[in-house]
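In: just to be clear, the model below is a prediction. Sequence and coordinates:
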2 protein chains.
Amino acid sequence: MAMYAERLRRTRGRMEELDVDLLLLSVGADLPWLTGYRAMPLERLTMLVLPVDGDATLVVPRLEAPRVVERPELFDLRPWEETDDPVALVAELAGAPRSVAVGDRTWARFVVELQARLPTSSWSAASVVTGPLRARKDSAEVAALRRASAAADRVAAQLQAGEVPLVGRTEAEVSADLGRRLLAEGHAAVNFAIVAAGANAASPHHNPGPRVIGVGEIVLCDFGGTMPDGYCSDITRCVHTGEPPAELRHLYRVLEEAQAAAVDAAVVGTPCEDVDGVARRVITEGGYGDHFIHRTGHGIGLEEHEDPYLVGGNCEALAPGHAFSIEPGIYLAGRFGARIEDIVVAAASGPEPLNVVPHGLAVVDV
Amino acid sequence: MAMYAERLRRTRGRMEELDVDLLLLSVGADLPWLTGYRAMPLERLTMLVLPVDGDATLVVPRLEAPRVVERPELFDLRPWEETDDPVALVAELAGAPRSVAVGDRTWARFVVELQARLPTSSWSAASVVTGPLRARKDSAEVAALRRASAAADRVAAQLQAGEVPLVGRTEAEVSADLGRRLLAEGHAAVNFAIVAAGANAASPHHNPGPRVIGVGEIVLCDFGGTMPDGYCSDITRCVHTGEPPAELRHLYRVLEEAQAAAVDAAVVGTPCEDVDGVARRVITEGGYGDHFIHRTGHGIGLEEHEDPYLVGGNCEALAPGHAFSIEPGIYLAGRFGARIEDIVVAAASGPEPLNVVPHGLAVVDV
């Protein structure tokens, strides 16, 4: 496909620019972004060997070769047998590169084995090459992200409408329910479905567990998955079983304002850290500065988390096609917490939120 | 818990033996095996810094710190803030080790960043230290694997009894159905559910897709998941929609014989490669030697695939407590294929298969 050839051309261009002789891609999203093929996360090595000039070779376990859609214009296929040494094969194809960039999620065991075979090379992470390319989505990718967000929105709407029973069920049960709904709405895989009730909502990455949800509790739901085309969704909404107390209402109003202000701030040309700064300022002025303990957002695409990161210290400017979450949160340890998250695209015409279900604290299941 | 303290003691013992000054564990199963805590596979670094002598420190993102069950007798907890540099923190805790063993699945980007900070250290994979320790399961671990296999067996029995509709559904639909059944039978997560019908069954790692299953086809189902306690299941059974043709019956008889012979051969003291050799010999004598294109099996425990591997070239002897799959297959490209897989434990009293549902080619759904 012309799309992959164009991505390959741009990747080689950046390799030249950055003086990277060889790119080695294994598990993770760089490989499917560049070739349409996703490596299985297994102890059997799959690796694309891509010299800055010269032909690329995809080294795959023989038993996975039938899954590869061959693209001879992009790469040669080199299956290896169970008793072969795939690291030796990659090293042989690599030659003697001065500088190697290796896919960010490649397993360490393969990195150290390859380094032993290529002892004179200097090593860096492939995202230095691919990150900025992958971060700027083209219109087809934005459309894919829009479909993923719409599917997640439908599940969020069910949650807000009270169609997902909460009271009397465990967090784990509700998590499984949200997962089933993500699949029913078109996702191919569920990547996570955090359900955190009451005091558990003060733990941003809470593991949904056996805690039974009661009346008068906030229920933070943060869920996302991967669509059949590989693009991801990620949304957070909070609901409350019964009327929320005044203090929580106040906290939630501050949070809603911070999230909306950060979305408005996500215009092309703005440094990533400034978007984070906007959310942080609103929350600090609201009196909860110490309780917003994470960054404001992360890029999203073929991975749930990728460039660009909306975090203090990242002075990279937003560019057209950047797609990312905006998800401030406020967490009062031992009491409750809340987070609101949308996926947003930085378009030339201004920030475009892909999640459009209401942001308010819906009262449900009473 | 005494169990973790004992594992830590044995791990330090092997580090001394192998002259490893520092163990760095991140994503993967070594960390939960050693501490009970599983790192989230995220761009935010989680890493246990374990010197051969001296205290261990678990470096975690602050927003995940609430998930950690603290075990002060095992490690100190060191949360890092969103704008901190966790690699610098790990390097500071590391000191100046001569030799570092890093968890096999640690992301390459962290390895290359750490190497830049620790330029005089030599690097190896942590499985050199932990692999042999984790491979020999104690009685509680064998009991956990037995429960996981029993849960998978219940799903396989439903498949063989014709309770899983096949004809007229797509492979992907049947895959999702098997996944739901794994969860219903007690798994916490589905790791894979290969459903490969007809000619697709000749691709060992086939992606279940939109192909509609017809009458008169073999359907290869290879599925497994993780139980709430972290231990894994993995089973393969084949069924046939309607009466199988004579040629397939013959192929399947050869396969069944090979699988049973390999199970019988898996006695303590036998080199791993000899178990592989037994399955291969039966299949070769049956006339299908060129069509058994993968190893005979892999270890299983907290990971689906771990030491020991039953593959040509692995002369390690089976030891009491080794747990592994025995899963020969025969694949006729473009026509059909079959595989039979059980999890087996090498016990002092002889090989103990944990999967006990029948191995025959059940005729279903007609």
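Out: All right, it came through fine.

In: can we go C-alpha only for contacts and neighbour counts from here?
Out: OK.

In: up against chain B, what does chain A have?
Out: For chain A, the residues in contact with chain B (Cα under 8 Å from any Cα of the partner chain) are A:42-43, A:62-64, A:66-67, A:81-83, A:102-113, A:123-125, A:203-207, A:293-295, A:305, A:311-313.

In: may I see the PyMOL selection of the buried members of these?
Out: In PyMOL, this line selects whichever of the residues of chain A next to chain B come out buried by 16 or more other Cα atoms under 10 Å in any protein chain shown:
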select buried, chain A and resi 62+63+64+66+67+82+102+103+104+105+106+107+108+109+110+111+112+113+123+124+125+203+204+205+206+207+293+294+295+305+311+312
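
In: contacting residues for the residue lying farthest from the centre of chain A?
Out: Residue farthest from the centre of chain A, counting by Cα atoms, centre = their mean, is residue A:83 at 35.8 Å. Residues counted as contacts of residue A:83 (Cα atoms under 8 Å, 6 or more residues apart in numbering or on different chains) are B:311, B:312, B:313.

In: swap the cut-off to 10 Å and go again
Out: Taking Cα atoms under 10 Å, 6 or more residues apart in numbering or on different chains as the contact definition, residue A:83 lies against B:294, B:295, B:311, B:312, B:313, B:314.

In: helix, strand or coil for it?
Out: Of the three states, residue A:83 takes coil under DSSP: H, G, I helix; E, B strand; the rest coil.

In: again with residue A:223
Out: Secondary structure, three-state DSSP: residue A:223 is strand.

In: so it touches residue A:151, yeah?
Out: No. Contact criterion Cα atoms under 10 Å: residue A:223 and residue A:151 do not qualify, at 11.3 Å.

In: residue A:194 belongs to a helix, doesn't it?
Out: No. Under three-state DSSP, residue A:194 falls outside any helix and is assigned strand.

In: give me the number of residues near it?
Out: Applying other Cα atoms under 10 Å in any protein chain shown, we find 27 residues neighbouring residue A:194.

In: which strand residues bridge it?
Out: Assessed by DSSP bridges, residue A:194 has beta-bridge partners residue A:222.

In: is it correct that it is in contact with residue A:174?
Out: Yes. Counting by Cα under 10 Å, residue A:194 touches residue A:174, with 9.2 Å between them.

In: find residues that contact each of these two.
Out: What both residue A:194 and residue A:174 touch, as defined by Cα under 10 Å, 6+ apart, is the set A:208, A:209, A:221.

In: re earlier: near chain A, which of the contacts of residue A:83 show up?
Out: Residues of the contacts of residue A:83 in contact with chain A (Cα under 10 Å from any Cα of the partner chain): B:294, B:295, B:311, B:312, B:313, B:314.

In: redo the contacts of residue A:83 as a markdown table? Include secondary structure and pLDDT.
Out: A markdown table is the format used below for the contacts of residue A:83 (DSSP: H, G, I helix; E, B strand; the rest coil; pLDDT from 0 to 100):
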| residue | secondary structure | pLDDT |
| --- | --- | --- |
| B:294 | coil | 95 |
| B:295 | coil | 96 |
| B:311 | coil | 96 |
| B:312 | coil | 95 |
| B:313 | coil | 95 |
| B:314 | coil | 96 |
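
In: out of the residues you listed, which comes closest to residue A:75?
Out: Nearest to residue A:75 among the contacts of residue A:83 is residue B:294, at 24.1 Å by Cα to Cα.

In: wait, what's in contact with the closest one?
Out: A:61-63, A:81-83, B:204, B:276, B:280, B:311-312, B:327-330.

In: minimum pLDDT in these, which residue is that?
Out: Lowest pLDDT within the contacts of residue B:294 is found at residue A:63 (85).

In: contacting residues around the nearest residue to it once chain neighbours are set aside?
Out: Of all residues beyond its chain neighbours, the one nearest residue A:63 is residue B:204 (5.8 Å), with distances taken as Cα to Cα, 6 or more residues apart in numbering or on different chains. Residues near residue B:204 by Cα under 10 Å, 6+ apart: A:62-67, B:194, B:196, B:220, B:222, B:292-294, B:329-331, B:337-339.

In: any idea how far residue A:279 is from residue A:296?
Out: As judged by Cα to Cα, to the nearest Å, residue A:296 and residue A:279 stand 7 Å apart.

In: assumed residue A:53 was part of a strand.
Out: No. Counting by three-state DSSP, residue A:53 is not part of a strand but coil.

In: hang on, it packs against residue A:8?
Out: No. Applying Cα under 10 Å as the test, residue A:53 and residue A:8 come out as separate, 11.3 Å apart.

In: sorry, back to before: now distance to residue B:21 too, for the ones next to chain A among the contacts of residue A:83, in CSV please.
Out: Listed next are the ones next to chain A among the contacts of residue A:83 as CSV, based on distance: Cα to Cα, whole Å:
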residue, distance to residue B:21
B:294, 36
B:295, 34
B:311, 31
B:312, 32
B:313, 29
B:314, 27
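
In: cool, thanks, signing off.
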